[in-house]
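Student: Give the three-dimensional model of this entry:
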Amino acid sequence: MFDIQKESIEWGGRTLTLETGKIARQADGSVLVSYGETTVLATVVSEKEPKPGFDFFPLTVNYQEKAFAAGKIPGGYFKREGRPSELEVLTSRLIDRPIRPLFVEGYKNDTQVIITTLSHDLENQPDIVAMVAASAALTLSGVPFMGPIGGARVGYVDGEYVLNPTLDQMEDSVLDLVVAGTGDAVLMVESEAKELSEEVMLGAVMFGHREFQPVIDAIIRLAERAAKEPRNHNVPDVSALVSKVTELAGADLKTAYAIPAKSERRNAIDAVKAKVLEALVAKDGEEGPTKQDVGGIFKKVEASIVRNQILDDKTRIDGRNLETVRPIKAEVGILPRAHGSALFTRGETQALVVATLGTGDDEQFVDLLEGTTKQTFMLHYNFPPYSVGETGRMGSPGRREIGHGKLAWRAVHPMLPAHHDFPYTTRVVSEITESNGSSSMATVCGSSLALMDAGVPLAAPVAGIAMGLIKEGDRFAVLSDILGDEDHLGDMDFKVAGSANGVTSLQMDIKIDGITEEIMKVALGQAKDGRLHILGEMAKAIDTARTELGEYAPRIEVINIPVDKIRDVIGSGGKVIREIVEKTGAKIDISDDGTVKIASADGKAIKAALTWIKGITAEPEVGQIYEGTVVKVVDFGAFVNFFGPRDGLVHISQMTQGRPEKSSDVVKEGQKVWVKLMGFDERGKVRLSMKVVNQETGEEVKPEAA
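Tutor: So this is what the prediction gives:
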């Protein structure tokens, strides 16, 4: 029934197994990949005919995690998986980015890659396994995919690179880097680091590239036995059309690309394109090139003109040289009610970034296969259509917004203080108000400014810069702070973020083979110079965190109470803690280890709640003087509530100098009195004295005065 083919290798100290021929046999390509006890199924289906009217490759990558993979039942009312989680979206993008450039040019058939995590051993992360599975399924499918690719995760522990570190090993790693590519070239990098040098980061990329070569070899061996026949895909000869478009548009495009302002430049280019379409697109009922055909060639001619201008003249679209960063203006404190705010403008790219401080109630619960975790730092990126002068759909964030937000999160996260030192939940929102160039790197800069404006003690300010590459043959040019057009027409999108001390995040997407280690080294060095320049411009607005939180930010006091006192503070059914919250107005969060966080924008509310909780949990000290309230008067003395809920007896002989006839002659119920804790009797009962304390001042009476 089954024609099962398998290939296994030892990789990073564990067995990697690729299997095909048993599951999902009706898909064009299907591979089950296991690494340890983490198992992932990848399938590929591509339509037999091109999708009409499309001038781009309609590829969709869907990564999904099933709760059963970790022996769990999904939460929520419906008890089934719903919309993709942020992790699933990010993993889908992680796989999409290295495979998309490897499809044959001109392939327009609707193609879908679905990757499903079926088993998770809580040790080996499934994203790398998913990438390998997708690569293998595509290689076996017969679609015109110029792979396979490999992928690996690289950690850095005690000065040594670690291949595919386990979840436990990642806790000790100062680097989390994922690299993917072919046998010859790196195509994609995604990482978070704790201020590592450019040399260490480049070393990690090359280490990962070397180490995933056995995976590529294993996929090729499997394909030799199990791959389907390659599909016929003939790339049409468009050289004649290229010549016509170049003749019609070449000179005008050169003139248009000499216009520095984006909107004026785009208007001029659109006018040239309209002229070309009018001249070359076949009329209804006639044979000849379609609008999509001519539009695609027009893009190629655009790219050729811009790229050659940069390589020949070392001059870019807006007149800059290769290394210059556009003018920067950084401002903070621009929103009066926000806890922290910043407006970061770099050329025609602008981010309005706002930081908000919250309490434990605001923590985000993240449900993962490994278990539910709490997130105390959130960074949300929004890209409204007006930022590029267009209309468009407004709604929930798309894959691009989630990806850009996570990139900025990775850049800033290593610089945040430890939660026990700064016990706030922090949310940063970046609204992109203008865009022509890297808005994700503007978000990094704006987030750093807004957090410092909010009083968040970052270890160091963080900035980011996007680098580009133009490469033709042996000639290449690395571009600092690329424009949107340079991104679209270039060969590399290389984003580097970090402090003055080192890199905190590196993201790289390469569209061509042949990016050498030397080119990446040049790009990293040039990016460092640009990053230091940007940090200097940011420092003109603010260079360190404010020492005081904003007027409207909550204050949080943290105390630790004995674990056995937690139930006393909470009370039966939460009665006590609810009363504290209602009467003081403070928010209170109690952890299982006895950590208590008391939050309020009103300092008096915090103090009142703090005093109340200490009264419940602390133990009175012998010899200390306390102010108390008489709660009951009896013949032999009075009971005084003097320490939280604790009462003690003031014997009639300890009320005044000389013994009064009746206790009621000295005190009344509800009266405030000063008492000194004298000690405890043999039964543990509290002994208090009023006569040794001056009832007017609360000071102890000297022995000679007594």
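
Student: What distance separates the opening and closing residues of stretch 309-320?
Tutor: The straight-line separation of the ends of stretch 309-320 (Cα to Cα, to the nearest Å) is 12 Å.

Student: Mind listing what's buried along that stretch?
Tutor: 309-310, 316-318, 320 (16 or more other Cβ atoms under 10 Å). For every residue, glycine as well, the C-beta is placed using N, CA and C.

Student: swap in stretch 568-584?
Tutor: Burial within stretch 568-584, assessed by neighbour count using 16+ other Cβ under 10 Å, is assigned to 569-570, 576-577, 580-581, 584.

Student: L196 and V154 touch, don't they?
Tutor: No: counting by Cβ atoms under 8 Å, L196 does not reach V154; the two are 11.4 Å apart.

Student: Give the residues shared as contacts by those two.
Tutor: Common neighbours of L196 and V154, using Cβ atoms under 8 Å, 6 or more residues apart in numbering, are L175.

Student: Which of the two has more residues huddled nearby?
Tutor: V154 (27 against 22; other Cβ atoms under 10 Å).

Student: I'd like the next helix or strand past the one helix or strand the more buried one maps to.
Tutor: Taking DSSP states H and E as the criterion, V154 maps to strand 150-157. Remark: after strand 150-157, the chain's next helix or strand is strand 160-163, criterion DSSP H and E.

Student: in that following strand, what counts as buried?
Tutor: 161-163.

Student: and if you look at stretch 201-210?
Tutor: By neighbour count with 16+ other Cβ under 10 Å, stretch 201-210 contains the buried residues 201-205, 207-209.

Student: same question, stretch 262-271
Tutor: Within stretch 262-271, the residues scored as buried using 16+ other Cβ under 10 Å are 262, 265-266, 268-269.

Student: Same check on stretch 683-696?
Tutor: By 16+ other Cβ under 10 Å, the buried positions in stretch 683-696 come out as 686-693, 695.

Student: Please look at S34 and L16 and confirm they touch.
Tutor: Yes: counting by Cβ under 8 Å, a contact exists between S34 and L16, whose distance comes to 7.4 Å.

Student: any shared contact partners between the two?
Tutor: Residues touching both S34 and L16 (Cβ under 8 Å, 6+ apart): none.

Student: Isn't T544 up against L451?
Tutor: No: counting by Cβ under 8 Å, T544 does not reach L451; the two are 11.1 Å apart.

Student: which of those two has more neighbours?
Tutor: Each of T544 and L451 has its neighbours counted (other Cβ under 10 Å); L451 has more, 29 against 11.

Student: Got phi/psi on the more buried one?
Tutor: phi -60, psi -40 (degrees, to the nearest 10).

Student: Next up, the contacts around it.
Tutor: 340, 355, 412, 416, 426, 428, 458, 545.

Student: now do I149
Tutor: Each residue near I149 by Cβ under 8 Å, 6+ apart is listed here: 98-99, 102, 131, 135, 180-182, 187, 216.

Student: Between those, which sits nearest K291?
Tutor: Lowest distance from K291 to the contacts of I149 (Cβ to Cβ) belongs to L102, with 27.3 Å.

Student: can I assume that closest one is in contact with F145?
Tutor: Yes: taking contacts as Cβ under 8 Å, L102 lies within contact range of F145: 5.8 Å.

Student: What about the buried residues of stretch 309-320, which are in strands?
Tutor: Nothing among the buried residues of stretch 309-320 maps onto strands, per DSSP state E.

Student: got the residues you listed as JSON lines, with pLDDT and distance to L610 columns?
Tutor: Below are these laid out as JSON lines (pLDDT from 0 to 100; distance: Cβ to Cβ, whole Å):
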{"residue": "Q309", "pLDDT": "86", "distance to L610": "67"}
{"residue": "I310", "pLDDT": "89", "distance to L610": "63"}
{"residue": "R316", "pLDDT": "86", "distance to L610": "59"}
{"residue": "I317", "pLDDT": "85", "distance to L610": "60"}
{"residue": "D318", "pLDDT": "83", "distance to L610": "57"}
{"residue": "R320", "pLDDT": "89", "distance to L610": "57"}
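
Student: Thank you kindly, that will do.
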